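[1] Everything below, folded, please.
(chains A, B, C and D)
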Number of protein chains: 2
Amino acid sequence: MEDGTQAAGGAKPSRIQLRNRKRILDAALDVFSMHGFRGATLDQIAEASGLSKPNILYYFAGKEEIHVTLLNGLMDTWLDPMRAIDPAGEPLDEILRYVHRKLEMSRALPRESRLFANEILQGAPMIGAGLVSVLKPLVDETAALIESWGAAGRLKPVDGRHLIFSIWATTQHYADFDAQVQVLLDGRDGHEDASVFLDTLYRRMLAV
Amino acid sequence: MEDGTQAAGGAKPSRIQLRNRKRILDAALDVFSMHGFRGATLDQIAEASGLSKPNILYYFAGKEEIHVTLLNGLMDTWLDPMRAIDPAGEPLDEILRYVHRKLEMSRALPRESRLFANEILQGAPMIGAGLVSVLKPLVDETAALIESWGAAGRLKPVDGRHLIFSIWATTQHYADFDAQVQVLLDGRDGHEDASVFLDTLYRRMLAV
DNA sequence: TCGTGCTTTTACCATTTGGTAAAAAAGTGG
DNA sequence: CCACTTTTTTACCAAATGGTAAAAGCACGA
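    The predicted model follows:
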């Protein structure tokens, strides 16, 4: 009686629940990343997941809850490369490793990249709070680290935040604006050349 | 009789038509850039423009035509900075001037930037053809110019297309992901610092 | 001033869409 | 095999949305 009868916050998610929630979230990632939140419909998610619409609403309270669940669930994965920057490492190597890991994520997880891009473009209506509580502290810390490296003469001094912005922008560009990149590269996969280009860019920017 | 009775393709747009079409397009730019094509509604555009919904449909055949009209009308403005690159100029100055003009557009015309970003994110369903016929030739030409500068020893050699991608990404980032930038900069306007950062970035990347 | 054609409003519609109620159909522990 | 719970389906709905028909207003030259 005291447990949420619905498949919500309870304590013991059954095997069926685990499997179906996963199916729904994967289908929703497809649909949301392709059409954006408002452009996506529950019917599309239903068809892509192989479940009926009411069945989906048995597992999630509504369309918005699916979207928020996706966003929150992916936030950690998304920020992992930044967390992996080692303050004890060699500064230039750490930054370049971060760039390459971000670019690799752009290639491996383009749906996730577009999901976030859509959300931010719309003004982050659903993860605004997450940006403040999760992203901001991490960025503040990382920017400070980068600038301390600069002050110590181990990197050319740069504005840490704007460096981070530029790394996000240049790497995620290949996922978010893939339609344009495809046209301009005649359908060739640009990630290999992008990797070389970005390596050069940030090496020249930062190497002492 | 032979002219499209509707305010469409005729030959002599009246003063009223000019004014109202402008109103509609401006309102639509607000709404589309904020919510994306599918997230925007005719009612929102109607309210923002001060016209009734049927009145809007008197001037445009449908929601999609408004969107396409906006996209096509803005394409030229959007590409002007790239067209302004002077093959006879000093290479580094020309590139840096391009970067600064793009960044300035990001600050002055964020709605336009988001409109395009939304469209490309969704796979460019409405301007795919325009990308091929207008954007691609210009980018091909500009990339070739940049690489010829590199080959002539007037710039450090770089992949022209990926350089262009990086300039788009880094400058438009401030408009498209403004919600995130605002959070991470505590609401400060980042364009001044961005200008300095990007100047340094591309100067170090390209100066011989 | 009057008529003609451009512009705007008033009423509607059909479809789509997020969501619900309740019954049917599995599962599952005893 | 049975009672009880979880899962799925069937049948709906109200609101939102893109769009239309046709009448009413309006501008402006003859």
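[2] What segments of chain A are helices?
    Per DSSP state H, chain A carries helices over the ranges A:15-39, A:42-49, A:53-59, A:63-83, A:91-108, A:110-121, A:128-130, A:136-151, A:160-176, A:178-184, A:191-206.
[3] Reformat these as CSV; add distance to residue B:204 and mean pLDDT.
    From N, CA and C alone the C-beta is placed, and that goes for glycine too. Below are these laid out as CSV (distance: least, Cβ to Cβ, whole Å; pLDDT from 0 to 100):
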stretch, distance to residue B:204, mean pLDDT
helix A:15-39, 35, 95
helix A:42-49, 46, 97
helix A:53-59, 51, 97
helix A:63-83, 23, 97
helix A:91-108, 13, 98
helix A:110-121, 27, 98
helix A:128-130, 34, 94
helix A:136-151, 14, 98
helix A:160-176, 12, 98
helix A:178-184, 25, 97
helix A:191-206, 5, 98
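[4] show me what contacts the spatially most central residue of chain A?
    Residue closest to the average C-alpha location in chain A (Cα atoms, centre = their mean): residue A:78, at 4.0 Å. By Cβ atoms under 8 Å, 6 or more residues apart in numbering or on different chains, the residues touching residue A:78 are A:105, A:112, A:116.
[5] repeat that with 6 Å
    Listed by Cβ atoms under 6 Å, 6 or more residues apart in numbering or on different chains, residue A:78 has no contact partners.
[6] Ok, residue A:198 next?
    Applying Cβ under 6 Å, 6+ apart, the residues near residue A:198 are A:99, A:170.
[7] Residue in chain A with the shortest distance to DNA strand C?
    Across chain A, no residue is closer to DNA strand C than residue A:62, which sits at 3.1 Å (Cβ to the nearest atom of the strand).
[8] For that residue, report the pLDDT, please.
    Reading off the confidence values, residue A:62 has pLDDT 97.
[9] Next: residue A:4.
    34.
[10] Can you give me the neighbour number for the residue lying closest to residue A:167 once chain neighbours are set aside?
    Sequence neighbours aside, residue A:99 is the residue nearest to residue A:167 in space, at 5.6 Å (criterion: Cβ to Cβ, 6 or more residues apart in numbering or on different chains). Here the number of neighbours of residue A:99 (other Cβ atoms under 10 Å in any protein chain shown) works out to 21.
[11] Look up how far DNA strand D lies from residue A:99.
    40 Å (Cβ to the nearest atom of the strand, to the nearest Å).
[12] Can you give me the distance of that residue to residue B:98?
    23 Å (Cβ to Cβ, to the nearest Å).
[13] Can you tell me how far the residue of chain A closest to DNA strand C is from residue A:53?
    12 Å.
[14] who has more neighbours, those two?
    Of the pair residue A:62 and residue A:53, residue A:53 is the one with more neighbours under other Cβ under 10 Å, namely 15 against 11.
[15] my guess is the more buried one meets residue A:41, correct?
    No: using Cβ atoms under 6 Å, residue A:53 is not in contact with residue A:41; the gap is 9.2 Å.
[16] Ignoring the adjacent residues along the chain, who's closest to residue A:79?
    Nearest to residue A:79 is residue A:138, by Cβ to Cβ, 6+ apart, at 6.1 Å.
[17] Using PDB, list the CA coordinates for stretch A:77-85.
    C-alpha atoms of stretch A:77-85 as PDB (Å, rounded to 0.1, in the frame of the first residue of the first chain):
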ATOM      1  CA  THR A  77      28.100  10.000 -18.900                       C
ATOM      2  CA  TRP A  78      28.200  13.300 -20.700                       C
ATOM      3  CA  LEU A  79      30.500  14.900 -18.100                       C
ATOM      4  CA  ASP A  80      32.800  11.900 -17.600                       C
ATOM      5  CA  PRO A  81      35.500  13.200 -19.900                       C
ATOM      6  CA  MET A  82      35.800  16.400 -18.000                       C
ATOM      7  CA  ARG A  83      35.900  14.600 -14.700                       C
ATOM      8  CA  ALA A  84      38.700  12.500 -16.100                       C
ATOM      9  CA  ILE A  85      41.000  15.500 -16.400                       C
END
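[18] Pull out the buried positions in that stretch.
    Using 16 or more other Cβ atoms under 10 Å in any protein chain shown as the test for burial, stretch A:77-85 gives A:78, A:81-82, A:85.
[19] How about stretch A:160-178?
    So for stretch A:160-178, counting by 16+ other Cβ under 10 Å, buried means A:160-178.
[20] now stretch A:116-134
    Residues of stretch A:116-134 classed as buried: A:116-122, A:124, A:126-128, A:130-131, A:134 (neighbour count, 16+ other Cβ under 10 Å).
[21] same thing with stretch A:38-57?
    By neighbour count on 16+ other Cβ under 10 Å, the buried set for stretch A:38-57 is A:38-40, A:42, A:44-46, A:48-49, A:51, A:56-57.
[22] State the distance from the residue nearest to residue A:25 when sequence neighbours are not counted to chain B.
    Nearest residue to residue A:25 in three dimensions, chain neighbours excluded: residue A:70, at 5.9 Å (Cβ to Cβ, 6+ apart). To chain B, residue A:70 is 16 Å away according to Cβ to the nearest Cβ, to the nearest Å.
[23] swap in residue A:90?
    Between residue A:90 and chain B the computed distance is 19 Å (Cβ to the nearest Cβ).
[24] Tell me how far that residue lies from residue A:79.
    22 Å.
[25] now swap in residue A:56 and tell me
    Distance from residue A:56 to residue A:79, by Cβ to Cβ: 28 Å.
[26] now residue A:170
    17 Å.
[27] ditto for residue A:197
    Using Cβ to Cβ, one gets 24 Å for the distance from residue A:197 to residue A:79.
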